[in-house]
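> Got a predicted structure here, sequence first:
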Amino acid sequence: MLRPMADTFRALVLDKDGDATKVAVREVPLADLPQGEVEIAVEYSTVNYKDGLCVTGTAPIARTLPMIPGIDLAGVVTQSNDAGFAPGDRVLMNGHGLSETHWGGYAQRARVSSEVLIRIPDAFTSRDTMAIGTAGYTSMLCVLALEDAGVTPAAGPVLVTGAVGGVGSVAVALLAKLGFEVDASTGRAEEAGYLKALGANSIVPRSELGEPGRPLAKERWAGVVDSVGSHTLANAIAATKYCGTVTACGLAQGPDLPASVMPFIIRGVKLVGIDSVMAPRAPRQRAWERLAQDLPLDTLASITGETVGLADLPEVGKKILAGQVRGRLLVDPNL
């Protein structure tokens, strides 16, 4: 439903406070919205690991200030200077500079470039798309990369690291739905039931992968979806089967990769980097179409947690960085 136009809108804003950076909910003049072809009444956003880094000031995600964070948004077009979109269209956007160089989704209004704006698939509501968010969209990009590399359920088990998080939860559900035997790695043993309900076959303790390991280990996995990086990614590569494929999309443990070339030159293992931020429209559209096809709504509901308001986000950001969030969180900018 389109909301009445107003001169201001509520948003969570990062700004300078002397030498420090502060974050607060405030009213922003509508006239201050950045340039873009399409204006949107934002209905929902979500919280990803990157959002946690931004709203807590843990990493310099925002390159200019003031900045409205939120790397995802979904809502209804209110104005458009692009013939491809009209008022009333249901749309979503992931990344592409949101909360870095362009105001993001933690606001009641947004104005964005139409270049990578996606129409919401008929199977989803705007709420559904933000329950998926960048984390789930990234998971689908990883799954597509495994498929494109020829990884099939017949090739053997696949590993998902950081499995209780947003990327991991959706990846487990997608891969299980597609018939893969999924090994889910987590440091939260109490979440084993949650992961098995999503379709995980077995639970791999974080301790098995999170410490320095051998350059070449016993072959275990035909494919890997890794959102953790560092030693976890290195050990996953070392234990990947001959001609298997590892997709890397995150750095929750760290940005380093203390690995060896041996899995690549002895077993022909492929390491595929997954960029969900600046991906062009074609792969974005493909990923969202496959999500609509392969992610059942009841499964999505089981992954989705609470809905929070703008004022809750600094505290929620701390929790997601501490690994205390399961699955996906929604943000309603009108709360």
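Great, that's in hand.

> Could I get the pLDDT score of residue 1?
We have a pLDDT of 45 for residue 1.

> where do the helices sit along the stretch 201-335 of the chain?
Taking DSSP state H, counting those that start in this stretch as the test, the helices found in the stretch 201-335 of the chain are 230-238, 262-266, 281-294, 297-303, 313-321.

> Identify whichever of those lies nearest to residue 130.
helix 297-303 (10.8 Å; Cβ to Cβ). Where you see a C-beta, it was placed from the backbone N, CA and C, and this is true even at glycine.

> Contacts for that closest one, please.
Helix 297-303 is contacted from outside by 123, 128, 131, 132, 169, 170, 173, 177, 197, 198, 327, 328, using Cβ atoms under 8 Å, 6 or more residues apart in numbering.

> how about a cut-off of 6 Å?
With contact meaning Cβ atoms under 6 Å, 6 or more residues apart in numbering, helix 297-303 is reached by 131, 169, 173, 327, 328.

> how about JSON lines for the helices of the stretch 201-335 of the chain, with distance to residue 114, mean neighbour count and mean pLDDT added?
JSON lines is the format used below for the helices of the stretch 201-335 of the chain (distance: least, Cβ to Cβ, whole Å; neighbours: other Cβ atoms under 10 Å; pLDDT from 0 to 100):
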{"stretch": "helix 230-238", "distance to residue 114": "35", "mean neighbour count": "24", "mean pLDDT": "98"}
{"stretch": "helix 262-266", "distance to residue 114": "40", "mean neighbour count": "15", "mean pLDDT": "98"}
{"stretch": "helix 281-294", "distance to residue 114": "10", "mean neighbour count": "17", "mean pLDDT": "96"}
{"stretch": "helix 297-303", "distance to residue 114": "27", "mean neighbour count": "16", "mean pLDDT": "93"}
{"stretch": "helix 313-321", "distance to residue 114": "27", "mean neighbour count": "18", "mean pLDDT": "94"}
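
> The ones you listed: which one's closest to residue 152?
helix 281-294 (14.9 Å).

> Domain map for the chain?
Following automatic domain parsing, the chain resolves into domains at 8-120+300-331, 134-273.

> how about the ones you listed, which one is nearest residue 280?
Among these, domain 8-120+300-331 sits nearest to residue 280 (Cβ to Cβ), with 6.9 Å.

> chain center to the closest one, what's the gap?
Centroid displacement of domain 8-120+300-331 relative to its chain, using Cα atoms, centre = their mean, to the nearest Å, is 13 Å.

> Quote the end-to-end distance of that domain.
19 Å (Cα to Cα, to the nearest Å).

> Counting neighbours, which of the contacts of helix 297-303 comes out on top?
When neighbours are counted by other Cβ atoms under 10 Å, residue 169 leads these with 30 neighbours.

> Let me know the next secondary structure element after the helix or strand encompassing that residue.
Using DSSP states H and E, residue 169 maps to helix 166-177. Toward the C-terminus, helix 166-177 is succeeded by strand 182-186 as the next helix or strand (DSSP H and E).

> just to revisit the earlier point, make CSV out of the domains of the chain and add distance to residue 280.
CSV is the format used below for the domains of the chain (distance: least, Cβ to Cβ, whole Å):
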stretch, distance to residue 280
domain 8-120+300-331, 7
domain 134-273, 12
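
> any idea which residue sits dead centre in the protein?
residue 135 (1.6 Å; Cα atoms, centre = their mean).

> Could you tell me how many residues sit around the closest residue to residue 29 other than its chain neighbours?
Leaving aside its sequence neighbours, residue 29 sits nearest to residue 8 (Cβ to Cβ, 6 or more residues apart in numbering; 5.6 Å). Neighbours of residue 8 under the rule other Cβ under 10 Å: 14.

> now residue 8: how far from residue 308?
22 Å (Cβ to Cβ, to the nearest Å).

> Kindly report the same for residue 129.
In terms of Cβ to Cβ, residue 129 sits 17 Å off from residue 308.

> Pick out whichever of the two has more residues nearby.
residue 129 (31 against 18).

> Doesn't that one belong to a strand?
No. Applying DSSP: H, G, I helix; E, B strand; the rest coil, one finds residue 129 to be helix, outside a strand.

> check contacts around it.
Here residue 129 is in contact with 74, 92, 120 (Cβ under 6 Å, 6+ apart).

> Take those and keep only those in strands.
74, 92 (DSSP state E).

> Residue 10 should be in a strand, yeah?
Yes. Residue state for residue 10 (three-state DSSP) corresponds to a strand.
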